[in-house]
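Chemist: The following block contains a protein sequence and its predicted model.
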Amino acid sequence: MNGSSTGQDQVRFPTAEWPSPERATGLYVHVPFCASTCDFCAFYQEQPEAGQIRRYLAGVAREAELVPTPARIDTVFIGGGTPGLLAPRDLARLLEVIRARCGGAPREWSIELAPGSVSPDRLAVLREGGVTRISLGVQSFQPALLEALGRRHSLAQIERAWEWIHGAGFASVNLDLMFALPGQTAEEWAADVRRAVELGPDHLSTYCLTFEEDTRLWLKLSQGRVRLDPEFEARLYEDTWAQLADAGYAQYEVSNFARPGHACAHNVATWRMGQWIGLGPSAASQQGEWRGSNIADLEAWLTALDQGERLTGERTRLTPALLAEDAVIFGLRMNAGVDLAPWRSRVPELPWLALDAELATLEAEGMLQRSADTLRLTPRGRLLADALAVRIIAALEPGVPA
């Protein structure tokens, strides 16, 4: 949940409609440039061109001026796209803009990098600019699987990128891996996890491949060229959890594992329904009374900024009921669980009796554990987190007695 969206319904609104700037604690910046589109990727992206990059950087600076300045920004996450495609001087400019709006360096500053875009010069700029956390998109250490995903980097580039990043001395480094890939065996996935552990990152994210609409993988699925196997996916989940626990990585969310002190603070804040500002085309924001996403179109985004507006693709009023619902759904994905007590007080009109009944059923089914008002999914429940979310949302639908 780094903060990108691809909604297309255009809504214009003045920045005055984003109240309570002092409460915003996170900043997400979307860099939309990619050299190629991976088969699984549904994020908004553009081919990099020098002129477009210059205009994009000017647009981020302009948008940052339009957004009410928060008292303090605790975390920053730069995602994409491929932020590492920016030349060192362009990365330095982007970091300068962000640091100016943050009033200094945030306590955690993350950036996503693809192995093929890592270079000593870029890493030096990031270190000098205040970045504290690198997230390297490895996906797999198997060349054939990388090719099947449409990834352009090689095993040699992964190893070289890791060597440079590790030597640069960042406070925290994450490796992104993906499993349940077309043609992947359980043995290949175990080997990928083993190799990642050997490298010794501070954090690991292990994502089950999802099939997003309007991607090449979705087309292959619809044509029957690849198939889903939920039982195999569940086995890989469980094998991963056991393998990483043995290696000393604590699971703190369904797909995320960290050594002590290295959980991603930016993502945890979003899962806990904190606030963040999104800059760049398709970047999402959750601030004050609104959740919205910038239009996923570089030219339209720039045109709106020239007119002193932020052009959104979608916008939703953040009612207490919606926040409470999302807090339960995302909170349950975390191993620490979610405490319902504050939400019962804040949103008494929700159908809590109906939710309690559904939670009792889930507890009886072995899906969750309950201690007073704190809920945690069991390992079996974490395997079915998305399906359980549907049931919880249904229980919270309006019209059910509270």
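Modeler: It's in.

Chemist: can you give me the strands in the stretch 101-250 of the chain?
Modeler: With DSSP state E, counting those that start in this stretch as the criterion, the stretch 101-250 of the chain has strands at 108-113, 133-139, 172-179, 203-208, 250-253.

Chemist: So which elements touch the last one?
Modeler: Okay, so that is strand 250-253. helix 230-246, strand 256-258, helix 265-271 (3 or more CB pairs under 8 Å, 6 or more residues apart in numbering; DSSP states H and E). Heads up, the C-betas are built off the backbone N, CA and C, glycines and all.

Chemist: so what secondary structure elements neighbour the last one?
Modeler: For helix 265-271, the helices and strands in contact under the criterion 3+ CB pairs under 8 Å, 6+ apart are strand 26-31, strand 75-80, strand 108-113, strand 250-253, strand 276-279, helix 320-332.

Chemist: any chance of those in TSV, plus mean neighbour count, mean pLDDT and distance to Ser154?
Modeler: Listed next are these as TSV, based on neighbours: other CB atoms under 10 Å; pLDDT from 0 to 100; distance: least, CB to CB, whole Å:
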stretch	mean neighbour count	mean pLDDT	distance to Ser154
strand 26-31	27	95	23
strand 75-80	26	94	20
strand 108-113	24	97	15
strand 250-253	18	96	30
strand 276-279	28	94	32
helix 320-332	19	92	36
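
Chemist: could those go into a markdown table alongside distance to Leu340?
Modeler: Formatted as a markdown table, the helices and strands packed on helix 265-271 follow (distance: least, CB to CB, whole Å):
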| stretch | distance to Leu340 |
| --- | --- |
| strand 26-31 | 24 |
| strand 75-80 | 26 |
| strand 108-113 | 28 |
| strand 250-253 | 19 |
| strand 276-279 | 23 |
| helix 320-332 | 7 |
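
Chemist: got the contact list for Leu350?
Modeler: With contact set as CB atoms under 8 Å, 6 or more residues apart in numbering, Leu350 has these partners: Ala321, Ala324, Glu325, Trp343, Arg344, Leu396, Ala402.

Chemist: Surely the second one is in contact with Pro348?
Modeler: No. Counting by CB atoms under 8 Å, no contact exists between Ala324 and Pro348, whose distance comes to 10.3 Å.

Chemist: So which of the helices and strands packed on helix 265-271 is nearest Asp373?
Modeler: Proximity to Asp373, assessed across the helices and strands packed on helix 265-271 by CB to CB, is greatest for helix 320-332 (11.1 Å).

Chemist: From the contact counts, what lies against the closest one?
Modeler: Applying 3+ CB pairs under 8 Å, 6+ apart, one finds that helix 320-332 contacts helix 265-271, strand 338-339, helix 341-346, strand 374-377, helix 385-395.

Chemist: and Gly183, how many neighbours does it have?
Modeler: Per other CB atoms under 10 Å, the neighbour tally for Gly183 reads 10.

Chemist: Distance of it relative to Trp189?
Modeler: Applying CB to CB, to the nearest Å, one obtains 11 Å for the distance of Gly183 from Trp189.

Chemist: Redo the helices and strands packed on strand 250-253 as TSV? Include mean pLDDT, mean neighbour count and distance to Val60.
Modeler: Below are those laid out as TSV (pLDDT from 0 to 100; neighbours: other CB atoms under 10 Å; distance: least, CB to CB, whole Å):
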stretch	mean pLDDT	mean neighbour count	distance to Val60
helix 230-246	93	15	36
strand 256-258	98	23	27
helix 265-271	94	22	18
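
Chemist: Using the record's assignment, carve this protein into domains.
Modeler: Under the assignment automatic domain parsing, the domains of the chain span 11-271, 320-395.

Chemist: how distant is the first one from the center of its chain?
Modeler: Relative to its chain's centre, domain 11-271 lies at 7 Å (CA atoms, centre = their mean, to the nearest Å).

Chemist: same thing with stretch 341-349?
Modeler: Taking CA atoms, centre = their mean, one finds the center of stretch 341-349 at 27 Å from the center of the full chain.

Chemist: Quick one: residues in contact with it.
Modeler: For stretch 341-349, contacts defined as CB under 8 Å, 6+ apart pick out Pro320, Ala321, Leu323, Ala324, Ala327, Val328, Leu350, Trp352, Ala372, Asp373, Ala402.
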